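Asker: coordinates only, sequence not included:
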């Protein structure tokens with residue numbers, strides 16, 4: 001029956017508005033059926049023993065320490081939640097509740113796992129989950145994420161808090177206890193025996209929830225109490241009120257790490273990927289200033305807390321000083337061996353400080369960790385899961401670091417590994433996955449463009465279904481156009497550009513994304529760049545440079561992302577071709593601007609060195625020496641295997 005309802009439901013909704021489990025290619029019937037909340041998942045028993053997510057424990061958790069098994073599931077759930085493995089975390093908390101029903105914090109954290117977060121918020125979250133009440137009865141069916149599950153568990157949390165308060169009020173007033181004093185003699189028991197019995201009853205009775213937990217759970221209820229809220233009103237109705245409620249809890253308990261984490265995340269979700277103006281680094285709102293104060297204070301007390309370190313990386317990456325997060329990065333790299341997303345997170349900073357080798361290395365380690373998670377729990381980390389978006393992100397960032405660092409072999413290796421997971425066969429089976437994941441299917445095309453493999457690119461076959469594989473098909477057309485232009489076949493390049501434009505104008509391009517940017521916007525940048533490259537080969541240099549400058553401007557105006565929306569900085573082509581035509585001053589300026597965005601990258605270093613050498617002024621000599629040393633270090637990197645001698649492979653080698 002569920003399948004029939006969901007099929008009818010999905011036929012009524014545009015693809016880009018479908019629930020998240022459809023984006024992930026999973027039908028509701030494939031999710032685990034639970035008998036209430038009382039099913040202990042074998043996945044969690046195995047995961048608890050196999051996963052190494054560090055040793056962090058929340059110090060005081062009400063109604064759990066009497067049961068070691070429940071405590072172990074709670075600890076696993078918390079570590080998973082802080083690792084952004086929210087779906088598996090929510091199931092671990094369910095397993096905890098099956099053993100300790102009055103561990104109300106587990107209810108609250110299940111609600112948080114099903115709530116907006118820094119990577120899934122606003123319209124994307126509320127529009128893709130607001131119809132789930134049509135097909136979900138509480139959380140008997142584990143659809144992830146679900147506003148209804150979040151609502152249910154936050155409600156259960158506050159109800160159980162009140163239930164425990166009533167229970168203990170009855171105890172303190174003497175109610176509920178029988179057989180005291182002289183009554184003991186009537187039942188044939190001694191006062192001593194009754195006192196022992198009463199103590200035993202007290203031992204079994206769940207305790208009152210601590211005030212810190214109660215206030216935290218009451219705040220979480222604010223966030224989750226309006227399932228189905230309109231996405232346009234969500235900030236005013238639940239998002240901002242939740243942050244305000246968390247601020248009050250934090251003011252009372254500023255040293256509690258989870259409370260600090262929840263306050264910081266609540267404010268960051270309201271400003272996700274817009275914490276600072278870019279590239280000035282100026283805070284967009286007072287929220288950003290408050291987040292920094294909360295996180296930096298909390299990290300002085302809890303420097304190894306996974307959630308605090310994670311949020312601090314996101315806070316720092318758009319700021320003027322991303323290197324401030326390097327200490328937090330060191331903990332994320334070392335302390336959580338099987339937390340793939342946490343191992344990946346420092347690479348957001350690596351690319352911003354020019355450490356491309358670490359970017360590649362730690363994304364490869366993150367991939368290994370996530371492969372382990374996929375093996376242990378395919379339902380919550382495999383292709384059918386929400387978390388799989390984080391898995392492909394590791395590959396994306398690794399390839400990006402390899403491209404910037406001149407590591408052709410490693411970049412191609414990782415890109416091809418991803419193609420085994422993300423390919424036309426998979427999208428044919430799960431077409432709903434295309435909205436969020438199809439853009440990851442073209443990474444090896446961009447590796448080939450970066451390293452000028454023009455003839456090999458002309459041999460790459462188009463997908464069997466170009467509309468299904470829209471971004472890959474467009475990327476191949478774009479690459480062919482660049483290749484043909486670079487090889488001097490201008491008319492054929494123009495034909496490829498026309499075919500490319502047909503694909504980029506496909507209506508689906510507006511509804512497919514690469515993290516923070518739409519395919520429509522990404523391909524619009526490519527279109528202008530390609531036309532500029534063709535104009536250059538025609539000898540129309542003024543038009544070519546105008547088009548390439550426009551493409552640079554369009555690239556700069558894409559939504560902030562890590563990695564950037566475009567795999568190759570267009571400034572490399574613009575600066576290299578300007579230099580080729582003798583425009584040394586503008587070329588120098590272009591390369592200096594690029595090095596501000598991509599520090600120490602060998603492509604811009606080579607271009608800038610050539611500009612300064614051509615200028616030949618004495619004041620440049622010291623800078624040239626320093627730049628050459630930086631270039632030498634990059635060229636001697638672990639996987640650096642390409643002779644970067646021009647700023648872009650569309651330029652002529654001397």
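Answerer: Okay, I see it. Since the model is a prediction, treat every value here as computed from it, not as a measurement.

Asker: domain parsing for this structure?
Answerer: Domain assignment of the chain by the TED database yields the ranges 52-167+208-336, 422-568, 569-653.

Asker: can I get the ones you listed in JSON lines including mean pLDDT?
Answerer: JSON lines is the format used below for these (pLDDT from 0 to 100):
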{"stretch": "domain 52-167+208-336", "mean pLDDT": "92"}
{"stretch": "domain 422-568", "mean pLDDT": "97"}
{"stretch": "domain 569-653", "mean pLDDT": "94"}
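
Asker: okay, those in CSV with distance to residue 355 next?
Answerer: C-beta: built from backbone N, CA, C; applies to glycine. What follows is these, written out as CSV (distance: least, CB to CB, whole Å):
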stretch, distance to residue 355
domain 52-167+208-336, 9
domain 422-568, 14
domain 569-653, 8
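
Asker: which among these is found nearest to residue 362?
Answerer: Proximity to residue 362 (CB to CB) singles out domain 52-167+208-336 among these, at 6.0 Å.

Asker: could you tell me how far the closest one lies from the centre of the chain?
Answerer: Average the C-alpha atoms of domain 52-167+208-336, do the same for its chain, and the two points are 15 Å apart (CA atoms, centre = their mean, to the nearest Å).

Asker: can you give me the helices in the stretch 1-150 of the chain?
Answerer: Secondary structure of the stretch 1-150 of the chain (DSSP state H, counting those that start in this stretch): helices located at 2-10, 20-23, 42-50, 68-82, 86-99, 104-113, 122-129, 147-172.

Asker: include mean neighbour count and distance to residue 478 when you put these into CSV, please.
Answerer: Supplementary listing: those in CSV, determined by neighbours: other CB atoms under 10 Å; distance: least, CB to CB, whole Å:
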stretch, mean neighbour count, distance to residue 478
helix 2-10, 14, 32
helix 20-23, 23, 25
helix 42-50, 16, 42
helix 68-82, 23, 39
helix 86-99, 26, 35
helix 104-113, 28, 39
helix 122-129, 20, 27
helix 147-172, 19, 39
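
Asker: re the thing from before, out of the domains of the chain, which is closest to residue 415?
Answerer: Nearest to residue 415, of all the domains of the chain, is domain 422-568, at 3.8 Å by CB to CB.

Asker: span of the closest one from start to end?
Answerer: From its first residue to its last, domain 422-568 covers 21 Å (CA to CA, to the nearest Å).

Asker: do stretch 251-258 as well
Answerer: Terminal residues of stretch 251-258 are spaced 13 Å apart (CA to CA).

Asker: got the buried residues for it?
Answerer: Buried residues in stretch 251-258, defined by neighbour count with 16 or more other CB atoms under 10 Å: 253, 256, 257, 258.

Asker: could those residues be laid out in CSV, adding secondary structure and distance to residue 533?
Answerer: Below are these laid out as CSV (DSSP: H, G, I helix; E, B strand; the rest coil; distance: CB to CB, whole Å):
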residue, secondary structure, distance to residue 533
253, coil, 58
256, coil, 56
257, helix, 52
258, helix, 52
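
Asker: quick one: which of those residues is nearest residue 628?
Answerer: residue 257 (46.1 Å).

Asker: grab the nearest non-local neighbour of that closest one.
Answerer: Once its chain neighbours are removed from consideration, residue 257 has its nearest residue in residue 302; the separation is 4.5 Å (CB to CB, 6 or more residues apart in numbering).

Asker: residues touching that neighbour, list them.
Answerer: Residue 302 makes contact with 257, 260, 308, according to CB atoms under 8 Å, 6 or more residues apart in numbering.

Asker: quick one on the thing from earlier: JSON lines for the helices of the stretch 1-150 of the chain, including distance to residue 426?
Answerer: Formatted as JSON lines, the entries for these read as follows, by distance: least, CB to CB, whole Å:
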{"stretch": "helix 2-10", "distance to residue 426": "19"}
{"stretch": "helix 20-23", "distance to residue 426": "14"}
{"stretch": "helix 42-50", "distance to residue 426": "23"}
{"stretch": "helix 68-82", "distance to residue 426": "26"}
{"stretch": "helix 86-99", "distance to residue 426": "20"}
{"stretch": "helix 104-113", "distance to residue 426": "26"}
{"stretch": "helix 122-129", "distance to residue 426": "20"}
{"stretch": "helix 147-172", "distance to residue 426": "27"}
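
Asker: which one of those lies closest to residue 207?
Answerer: The minimum distance between residue 207 and the helices of the stretch 1-150 of the chain falls on helix 147-172, with 7.5 Å, by CB to CB.

Asker: packing partners for the closest one?
Answerer: Here helix 147-172 touches helix 104-113, helix 211-224, going by 3 or more CB pairs under 8 Å, 6 or more residues apart in numbering; DSSP states H and E.
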